[in-house]
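Peer 1: dropping the sequence and predicted coords here.
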Amino acid sequence: MGLLVKGKPLSWEETKELADYIREHGIVQFINLMKKMQDRSYEVLKWGDEIEYLLLKFDHDKKKVYVHCKTQEYLEKLANHSCKFDMPVTFHEEYGSFQIESSPNKPFLDDFEELNHVIRDMRHRRKELLLQMDTSSETVLTLTNFPRLGCPDFCWPPAQPSPDGNVSQSLFFPDECINPHPRFPNLTRNIRQRRGKKVEINVPIYKDSNTPDPFIEFPDIPAAKPDHVYMDATGFGMGCCCIQVTFQACDLDEAKVLYDQLAVVSPIVMALSAGSPIYRGYLCDVDCRWNVISDSVDDRTYEELHNPEPKTPRNSRYSCINSYLKSEKYSDVNPPYDHDLYEMLMSANVDIIDSLLAKHIAHIFNRDPISAFSNRVELDDEQDTEHFESLQSSNWQNMRFKPPPAGTDIGWRVEFRTIEAQITDFENAAFVAFCILLSRALASFKCNFYIPLSLVQINMERAQKRDAVLQEKFFFRKNIQCCKCDCEPIIAEMTVDEIINGSEDFPGVCRIIRAYINNMDLEFVTAARLCSYITLIQKRASGELKTTARWMRDYVKNHHLYQNDSVVSEELTYDFVMECDAITNGKECHELLGTLRKKSDFQDKHFRRDSYHTDDKEIEEEVNGVLGILE
């Protein structure tokens, strides 16, 4: 969750006074960093993932479940706890006091055997957390959001909202649900104060047969739109969970290519991983979290929203990227940027700072810093990068370009940020593996996914719609074999199934990945595992397997307590979370997983060939074919 600094946080008025200073010195820090990193390169790609978890507490007698605000306690236990497994992991703070983020202790290498270990690593992270818990009444789940976040009595220990408080001032979200680290309450307060009022989040409600029409919950609150579920706090967005995949490229040039190419794919992956159709206790008419988070951190003022000047940011801090790093031709959005800072970057005479990178940084620095600390203002710009990171880490986009940190041997990285958290470790591992394999296949075959960035932004909006994976079409390039950035694109609107599985005139992304796998000399065990991951993605795309969002929606609609009124009640939520916990721990769910997840996924040993059912003909054919006859 970005840069975590200890110290006295500054109010918005204090931060505003320092904004120009922080921006200017942030640029100086970036320039100095680039001078040091001009020659940094590595022979192989490295990568890692970050998974965010919800901490939950049950009251089985009352059939209730709460978000459990014990992040600090669990982190302290984990810090003093010796790992029980042979794959050490790390845990980090997140925005919510009911969230924890985890990642591998060290990056994975560009090796197929490493991909084979991803699920084992994820399983061990979950077990490390569970070892700190009373599992008779506590659990940890990888759900994108808690269905009743913001409803009465949704958190434990009990806490009440503080509409007259000095942090979120929410009608629904208690400040106690915010991680007490100074960054998080200060970020919340300063977004509200810069904006001049609370954030406004309106998610269209899913209209069922008994849903009031029009659906009007708060007639006296102008910000609450009819037929929408209204939310008013940063925590509704930042309290969502996701998976992020970070790639360490061989050099800066490869990092730029990865950033651009994966940005095009990011909306498709979001639609495939859709997992958040319920907000504040209501079924909604969206499947993804993206715009909820976007609205939850939108600090633009009324004037900036309704009477923007040329320099005014056109979107929230949480948004789609606004420029490519390698192709000017397809960067057709023309975002506002700070021209003075751009000139400062270009005149620094650093070879690796070209016009596109300078505009990208000047665009990020076109915003105000939103969080600063009194003891971290005057810094050594030759050694520190804190002012650069304060703005870099408070601009959240579908892709993030991450220069090497000063004083480390870390390389050029990009972060893929659109994957919604999935219920099981198998699904989470499958999406991570898909992204890694795609990045390698793109490099190996020199594919060209470039389309105008304005179409990627349209795709980002479409990807969030209900059942987008089956119902929407997305702009995608057909002549991907044309490896030159400047060759004319053939762009069509295609279904996710066509993009992933191919059509008569398009090979399909997964066929490209399979062709790449087929070129490698893989052991059967690794080939089988990768095959199962790619098959999950393909079956999601075709509709043979449900997205998490579709499964959740169907679970609610088919539950005996559901009244066809869009309401997801306390007891229904309890049953839903219990079902998710059971599926996480091995209960079969063919609608989500088919027969792809095996018993070996719950054993503390390596994945074995004999874990595949010999009577499952389809899977056997897929596994046996991966070494010889895949397209």
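Peer 2: That came through fine.
Peer 1: and stretch 366-376, which residues are buried?
Peer 2: Asn366, Arg367, Asp368, Pro369, Ile370, Ser371, Ala372, Phe373, Arg376 (16 or more other Cβ atoms under 10 Å). To be clear about C-beta, it is placed using only N, CA and C from the backbone, and glycine gets the same treatment.
Peer 1: let's have those in a markdown table, adding distance to Leu187, secondary structure and pLDDT.
Peer 2: A markdown table is the format used below for the buried residues of stretch 366-376 (distance: Cβ to Cβ, whole Å; DSSP: H, G, I helix; E, B strand; the rest coil; pLDDT from 0 to 100):
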| residue | distance to Leu187 | secondary structure | pLDDT |
| --- | --- | --- | --- |
| Asn366 | 19 | coil | 96 |
| Arg367 | 13 | coil | 97 |
| Asp368 | 13 | coil | 97 |
| Pro369 | 11 | coil | 97 |
| Ile370 | 6 | coil | 96 |
| Ser371 | 5 | coil | 91 |
| Ala372 | 11 | coil | 93 |
| Phe373 | 12 | strand | 93 |
| Arg376 | 15 | helix | 90 |
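Peer 1: so, low pLDDT: which residues of the stretch 51-200 of the chain?
Peer 2: Low-confidence regions of the stretch 51-200 of the chain, defined by pLDDT under 70, span residues 82-87.
Peer 1: what about the strands in it?
Peer 2: In the stretch 51-200 of the chain, the segments counted as strands under DSSP state E, counting those that start in this stretch are 64-68, 89-93, 99-104, 108-109, 138-141, 155-156.
Peer 1: turn those into CSV, including mean neighbour count and distance to Arg440.
Peer 2: Output for the strands of the stretch 51-200 of the chain, formatted as CSV (neighbours: other Cβ atoms under 10 Å; distance: least, Cβ to Cβ, whole Å):
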stretch, mean neighbour count, distance to Arg440
strand 64-68, 23, 38
strand 89-93, 18, 24
strand 99-104, 22, 18
strand 108-109, 17, 12
strand 138-141, 22, 31
strand 155-156, 22, 42
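Peer 1: can I get the ones you listed in a markdown table with distance to Gln481?
Peer 2: Converted to a markdown table, the strands of the stretch 51-200 of the chain look like this (distance: least, Cβ to Cβ, whole Å):
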| stretch | distance to Gln481 |
| --- | --- |
| strand 64-68 | 48 |
| strand 89-93 | 40 |
| strand 99-104 | 34 |
| strand 108-109 | 29 |
| strand 138-141 | 42 |
| strand 155-156 | 52 |
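Peer 1: right, and those strands - which one's nearest Asp213?
Peer 2: Counting by Cβ to Cβ, Asp213 lies closest to strand 64-68 out of the strands of the stretch 51-200 of the chain; the figure is 30.1 Å.
Peer 1: by contact count, what packs against that closest one?
Peer 2: strand 46-59, strand 155-156, helix 570-584 (3 or more Cβ pairs under 8 Å, 6 or more residues apart in numbering; DSSP states H and E).
Peer 1: sheet-wise, list the partners of that strand with their directions.
Peer 2: Using DSSP bridges, the strands paired with strand 64-68 are strand 46-59 (antiparallel), strand 155-156 (parallel).
Peer 1: next, the angle from that strand to helix 570-584.
Peer 2: Angle between the axes of strand 64-68 and helix 570-584 is 70 degrees (criterion: axes from the mean of the first three to the mean of the last three Cα atoms, to 10 degrees).
Peer 1: please save the CA atoms from strand 64-68 in PDB.
Peer 2: Presented in PDB, the C-alpha positions along strand 64-68 are these (Å, rounded to 0.1, in the frame of the first residue of the first chain):
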ATOM      1  CA  LYS A  64     -23.000 -13.500  11.900                       C
ATOM      2  CA  VAL A  65     -19.700 -12.700  10.300                       C
ATOM      3  CA  TYR A  66     -17.600  -9.500  10.800                       C
ATOM      4  CA  VAL A  67     -14.500  -8.000   9.400                       C
ATOM      5  CA  HIS A  68     -12.000  -8.500  12.200                       C
END
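Peer 1: list the contacts of that strand.
Peer 2: 54-59, 96, 98, 138, 146, 149, 153-156, 177, 570-571, 573-574, 577-578 (Cβ atoms under 8 Å, 6 or more residues apart in numbering).
Peer 1: buried subset of these as a ChimeraX selection?
Peer 2: The following ChimeraX line selects those of the contacts of strand 64-68 that are buried, judged by 16+ other Cβ under 10 Å:
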select :54,55,56,57,58,96,98,138,146,149,154,155,156,177,570,573,574,577
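Peer 1: who's in contact with Ser566?
Peer 2: So Ser566 contacts Ile205, Tyr206, Lys207, Asp208, Thr211, Phe215, Tyr282, Leu283 (Cβ under 8 Å, 6+ apart).
Peer 1: return the backbone torsion pair for the nearest residue to the second one once chain neighbours are set aside.
Peer 2: With sequence-adjacent residues excluded and distances taken as Cβ to Cβ, 6 or more residues apart in numbering, Tyr206 is closest to Leu283, at 4.1 Å. As for Leu283, its main-chain torsions (degrees, to the nearest 10) stand at phi -70, psi 130.
Peer 1: next, the distance between the ends of stretch 135-149.
Peer 2: 22 Å (Cα to Cα, to the nearest Å).
Peer 1: as JSON lines, the strands paired with strand 64-68 with distance to Asp227 would be great.
Peer 2: As requested, the strands paired with strand 64-68 are exported to JSON lines (distance: least, Cβ to Cβ, whole Å):
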{"stretch": "strand 46-59", "distance to Asp227": "28"}
{"stretch": "strand 155-156", "distance to Asp227": "28"}
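Peer 1: for Lys598, find the nearest of those strands.
Peer 2: strand 46-59 (20.7 Å).
Peer 1: distance between the closest one and the chain's centre?
Peer 2: Mean-position distance between strand 46-59 and its chain equals 12 Å (Cα atoms, centre = their mean, to the nearest Å).
Peer 1: ok, stretch 423-434 next?
Peer 2: The answer for stretch 423-434 is 13 Å, by Cα atoms, centre = their mean.
Peer 1: which phi and psi does Thr144 have?
Peer 2: According to degrees, to the nearest 10, Thr144 has phi -60, psi -40.
Peer 1: over to the one 5 residues further on?
Peer 2: Reported as degrees, to the nearest 10, the phi and psi values for Leu149 are phi -60, psi 120.
Peer 1: against Leu109, how distant is it?
Peer 2: Going from Leu149 to Leu109 by Cβ to Cβ, to the nearest Å gives 38 Å.
Peer 1: distance of Phe141 from Leu379?
Peer 2: Slight slip there: residue 141 is Leu, not Phe. Distance, Leu141 to Leu379, by Cβ to Cβ: 40 Å.
Peer 1: mind listing what Glu493 touches?
Peer 2: Neighbours of Glu493 in contact, by Cβ under 8 Å, 6+ apart: Lys473, Phe474, Phe475, Phe476.
Peer 1: sec struct for it, please.
Peer 2: strand (DSSP: H, G, I helix; E, B strand; the rest coil).
Peer 1: quick check: it vs Arg462, distance?
Peer 2: Taking Cβ to Cβ as the measure, Glu493 and Arg462 are separated by 10 Å.
Peer 1: which neighbours do these two have in common?
Peer 2: Lys473, Phe474.
Peer 1: I'd say Ala421 and Thr142 touch.
Peer 2: Yes - counting by Cβ atoms under 8 Å, Thr142 is a contact partner of Ala421 at 4.4 Å.
Peer 1: for the strands paired with strand 64-68, which one sits closest to Ala541?
Peer 2: Per Cβ to Cβ, nearest to Ala541 of the strands paired with strand 64-68: strand 46-59, 21.3 Å.
Peer 1: that closest one to strand 89-93, inter-axis angle?
Peer 2: 60 degrees.
Peer 1: just want the angle from strand 46-59 to strand 99-104.
Peer 2: 150 degrees.
Peer 1: any regions of this protein where pLDDT drops low?
Peer 2: 1-6, 82-87, 483-486, 599-631.
Peer 1: again, only using 50
Peer 2: 603-631 (pLDDT under 50).
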